[in-house]
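with the input below, show me the fold.
(chains A, B, C and D)
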Number of protein chains: 2
Amino acid sequence: MANQSNGASAISRAVRILEAFSYEAPFLTLTEIAQRSGIPLSSTQRIVTELVGHQLLERMPDRSYRMGNRLWELGTRTPGAIGLREIALPYMHAVQARVRQHVQLSVRSNLDVLVIERISARDAVVNASIVGGRIPLQHSAGGILLLAAAGDEVLRGVLRRGLQPLTPDGIQNEAELRHAIATAEREGYAIASGRIFSGSRGLAVPVRGVQGVVVGTLTIVEPNDESSPMPRIELLRRAAAGVSEALVRSYLPPGHPDAPPGGAYRSLVRSSESSMEYLEHLLPPLAVR
Amino acid sequence: MANQSNGASAISRAVRILEAFSYEAPFLTLTEIAQRSGIPLSSTQRIVTELVGHQLLERMPDRSYRMGNRLWELGTRTPGAIGLREIALPYMHAVQARVRQHVQLSVRSNLDVLVIERISARDAVVNASIVGGRIPLQHSAGGILLLAAAGDEVLRGVLRRGLQPLTPDGIQNEAELRHAIATAEREGYAIASGRIFSGSRGLAVPVRGVQGVVVGTLTIVEPNDESSPMPRIELLRRAAAGVSEALVRSYLPPGHPDAPPGGAYRSLVRSSESSMEYLEHLLPPLAVR
DNA sequence: ATCTTCCTCCCGTTCAACGGAAGGTTCAAC
DNA sequence: GTTGAACCTTCCGTTGAACGGGAGGAAGAT
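Presented below is the predicted three-dimensional model:
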């Protein structure tokens, strides 16, 4: 015998099981789930069966499991990420139509950058990010901006975790990190050259919501060549200004003629529009290269 | 005394709480959550606190809660919906560039159509669907196709739930539903005129994966006018064929030179491409109106 | 036919979950 | 400043849902 439970709540176990799945391993057998989550097989079986019942997991014909549609559906109701995404999408398309590279929208999630949307070109440079993926704040241009906006506690968290540079050009120590943050704050944009891959760099500007608070960043990932990135920074700035304006406008409608202080985010507009003239209209012509 | 638990598992309670949030009510206070989910306040408090710890919920400065980024992130790992979405997106853009209306991608989730992606024009007709939203199968053109592909048990489920037509043009009885399904099967497309709103109609074609199995549908929602929808059906057909081909191709890479029978869906390609020439390339010019 | 791997079910034990109630906190109105 | 109402947090004794080892069953490989 000796079957006392081990101090983990049912919910945390369920989350552990869900998190066993990843982009690299989207299909797992029961045994694999048990191993990855460190939960005994029979308990795993019980919880997994319940999750399948709720359609948070789905069983495939070959008996493996994958994440269920309901999970995706619930995620879809997340207003923070999704509201911003829908508002930013047309602007991202407009940017992408001018620079044929990756254009990304990210927010901060704890100590990481969380990529909310990405639009890519076929011939764009290699890029570590995928939608729904995470990158430690210190590695990315957008992360530096988000770090600058987040305040000291988050910075301490990043330092505590360790900088772990990915390339020789990565940020090696606290002084370099603080310098990068100060520069980003002063200039209002960030450039990260070869910090993730030597051949690419990220250009990022902040996206601001009500009262100028930084809610995310727009990023271009492009080849790390000799060309000046400044025209593209300017393009990003205009796009971010457009997104901010649309975002702030989206806060108002539900009755109040002005932004209510307590419940400003209680309503978000969803509308993804798309057509070339419309994109032209969003971002007037501008030489970017 | 008298505090026995009431027969609901912790996980099902957590799900009930998450499902209290919706597109219409993305921000809820603790009391509202308790009311909507029917769980006693103090229990709600305990579970909600735990969910916040896992970042499945997030607490706002005004003490209300919303869904957390982690939930969105987990949903992102759902390969079924997301893999298909990423593959279909460029084709959807290509269709949208020609018909200035709503273009939607949906899959079946139980007895409902689940809208995975939607691209809209500013001046498009009214449309009930939102991304992540559900519509009972019998109400939509795509739903009829998915119903045709799903087999008898699902059909029985729909009949058991009741048809509940939304308009006078909606499907009123079993005979009409069976007729619509038979027609869709014979023709390979479905048209639903005024079944959701009198002023609009849906045109849908199936998207097929390996071995021709229907994995979803592409739909155009357009004004319910006198024009013949056939050119747009043809456009959808070509787009669906392109998606199917890209989808089937995406199953193969991970080693095997041919589709492995047991683990065909073990890998999915993610890449969203976008540029006008590319869209032109995907779908050759075609008069649609 | 045999072996291995993976899965399902059973069941006695126990502790995490349960929720009523009491006490705080917040905010607005007057 | 005071009052009141709405909303939230914490406490704690009770208890049944969750727990997991183990036996037995499927499925697939050799």
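
A:P206 is in contact with A:A141, correct?
No - applying C-beta atoms under 8 Å as the test, A:A141 and A:P206 come out as separate, 10.8 Å apart. (C-beta placed from N, C-alpha, C; glycine too.)

mutual contacts of these two, please.
A:T217 (C-beta atoms under 8 Å, 6 or more residues apart in numbering or on different chains).

and A:E117, which of the three is it?
Under DSSP: H, G, I helix; E, B strand; the rest coil, A:E117 falls in the strand class.

could you report the neighbour count for it?
A:E117 has 20 neighbouring residues, counting by other C-beta atoms under 10 Å in any protein chain shown.

can you check the pLDDT for it?
Per-residue confidence at A:E117 stands at 86 (pLDDT).

can you check A:S120 too?
78.

now it. Nearest residue, chain neighbours left out?
Spatial nearest neighbour of A:S120, chain neighbours left out: A:H102 (4.9 Å); criterion: C-beta to C-beta, 6 or more residues apart in numbering or on different chains.

can you tell me which residues contact the one you found?
Applying C-beta under 8 Å, 6+ apart, the residues near A:H102 are A:118-121, A:124-125, A:127, A:129, A:219-222.

give the bridge partners for it, please.
Using DSSP bridges, the bridge partners assigned to A:H102 are A:V221.

what about the residue in the stretch 51-200 of chain A that DNA strand D sits nearest to, neighbour count?
Proximity to DNA strand D, evaluated over the stretch 51-200 of chain A using C-beta to the nearest atom of the strand, is greatest for A:D62 at 6.9 Å. A:D62: 14 surrounding residues under other C-beta under 10 Å.

and it, which of the three is it?
A:D62 - assigned by three-state DSSP - is coil.

next one: phi and psi at it?
phi -90, psi 20 (degrees, to the nearest 10).

what about the helices in the stretch 151-289 of chain A?
A:152-161, A:174-187, A:230-251, A:276-282 (DSSP state H, counting those that start in this stretch).

any chance of CSV for the ones you listed, columns mean neighbour count, distance to B:E24 and mean pLDDT?
Listed next are these as CSV, based on neighbours: other C-beta atoms under 10 Å in any protein chain shown; distance: least, C-beta to C-beta, whole Å; pLDDT from 0 to 100:
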stretch, mean neighbour count, distance to B:E24, mean pLDDT
helix A:152-161, 13, 33, 93
helix A:174-187, 15, 38, 96
helix A:230-251, 19, 16, 87
helix A:276-282, 14, 27, 48
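
would you turn these into JSON lines with distance to A:A97?
JSON lines is the format used below for those (distance: least, C-beta to C-beta, whole Å):
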{"stretch": "helix A:152-161", "distance to A:A97": "34"}
{"stretch": "helix A:174-187", "distance to A:A97": "26"}
{"stretch": "helix A:230-251", "distance to A:A97": "11"}
{"stretch": "helix A:276-282", "distance to A:A97": "6"}
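
quick one, which of these is nearest to DNA strand C?
The nearest among the helices of the stretch 151-289 of chain A, by C-beta to the nearest atom of the strand, is helix A:230-251 at 17.5 Å.

which other helices and strands does that closest one contact?
On a contact count with 3 or more C-beta pairs under 8 Å, 6 or more residues apart in numbering or on different chains; DSSP states H and E, helix A:230-251 meets helix A:79-98, strand A:200-208, strand A:214-223.

out of these, nearest to A:R66?
Ranking the helices and strands packed on helix A:230-251 by distance to A:R66, with C-beta to C-beta as the measure, places helix A:79-98 first at 21.7 Å.

quick one: low-confidence ranges for the stretch 1-150 of chain A?
Confidence mapping of the stretch 1-150 of chain A against pLDDT under 70 gives the ranges A:1-7, A:80-82, A:122-125.

and the strands in it?
A:57-59, A:65-67, A:102-109, A:112-119, A:134-136 (DSSP state E, counting those that start in this stretch).

who wins for proximity to B:G75 among these?
Of all those, strand A:65-67 comes closest under C-beta to C-beta, at 7.5 Å.

do that closest one and chain B meet?
Yes - against chain B, strand A:65-67 shows contacts by C-beta under 8 Å from any C-beta of the partner chain at A:66-67.

ok, and what's touching that strand?
Here strand A:65-67 has contacts from A:18, A:21, A:26-30, A:33, A:48, A:52, A:56-60, B:74-75, B:77-80, B:265, using C-beta under 8 Å, 6+ apart.

the same query, at a cut-off of 6 Å, please.
Residues from elsewhere that reach strand A:65-67 (C-beta atoms under 6 Å, 6 or more residues apart in numbering or on different chains): A:21, A:26-28, A:57-59, B:77-79.

from the residues you listed, which would you call buried?
A:21, A:26-28, A:57-58, B:77-79 (16 or more other C-beta atoms under 10 Å in any protein chain shown).

and the residues you listed, which two are the farthest apart?
A:L28 and B:T78 (13.3 Å).

returning to that earlier point: and of the helices and strands packed on helix A:230-251, who's closest to DNA strand C?
Of the helices and strands packed on helix A:230-251, nearest to DNA strand C by C-beta to the nearest atom of the strand is helix A:79-98, at 20.7 Å.

the residue in chain A positioned nearest to DNA strand C: how many residues sit nearby?
Nearest to DNA strand C, among the residues of chain A, is A:S9, at 2.5 Å (C-beta to the nearest atom of the strand). The burial count assigned to A:S9 is 16, neighbours taken as other C-beta under 10 Å.

so how far is A:I47 from it?
Relative to A:I47, A:S9 is positioned 12 Å away (C-beta to C-beta, to the nearest Å).

check A:L30 too.
Distance from A:L30 to A:I47, by C-beta to C-beta: 10 Å.

again, but for A:E86
34 Å.

cool, and A:G157?
31 Å.

stretch A:22-41 and chain B, any residue contact?
Yes - Stretch A:22-41 reaches chain B (C-beta under 6 Å from any C-beta of the partner chain) through A:26-27.

domains for chain A, by residue range?
Per automatic domain parsing, the structural domains of chain A span A:10-74, A:78-282.

do you know which of the helices of the stretch 151-289 of chain A lies nearest B:R195?
helix A:276-282 (29.6 Å).

let's have the contacts of A:H102 in TSV, adding distance to B:L41 and neighbour count.
Formatted as TSV, the contacts of A:H102 follow (distance: C-beta to C-beta, whole Å; neighbours: other C-beta atoms under 10 Å in any protein chain shown):
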residue	distance to B:L41	neighbour count
A:R118	41	24
A:I119	44	22
A:S120	47	21
A:A121	52	17
A:A124	51	21
A:V125	53	17
A:N127	47	19
A:S129	41	22
A:T219	43	28
A:I220	48	26
A:V221	47	29
A:E222	53	22
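
if we ignore the residues flanking it in sequence, what's nearest A:Q164?
Nearest to A:Q164 is A:P136, by C-beta to C-beta, 6+ apart, at 7.3 Å.

partner residues bridging that neighbour?
A:D112.

C-alpha coordinates for stretch A:21-37, CSV please?
Below are the C-alpha coordinates for stretch A:21-37, written out as CSV (Å, rounded to 0.1, in the frame of the first residue of the first chain):
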residue,chain,number,x,y,z
PHE,A,21,2.7,18.7,-25.1
SER,A,22,4.7,21.1,-27.2
TYR,A,23,5.2,22.2,-30.7
GLU,A,24,8.0,19.6,-31.1
ALA,A,25,5.9,16.8,-29.5
PRO,A,26,2.3,17.4,-30.4
PHE,A,27,1.3,13.8,-30.2
LEU,A,28,2.0,11.7,-27.1
THR,A,29,1.1,8.3,-25.8
LEU,A,30,-0.2,7.8,-22.3
THR,A,31,3.2,6.4,-21.2
GLU,A,32,5.0,9.4,-22.7
ILE,A,33,2.7,11.8,-21.0
ALA,A,34,3.3,10.1,-17.6
GLN,A,35,7.0,10.2,-18.1
ARG,A,36,7.1,13.8,-19.2
SER,A,37,4.9,15.0,-16.4
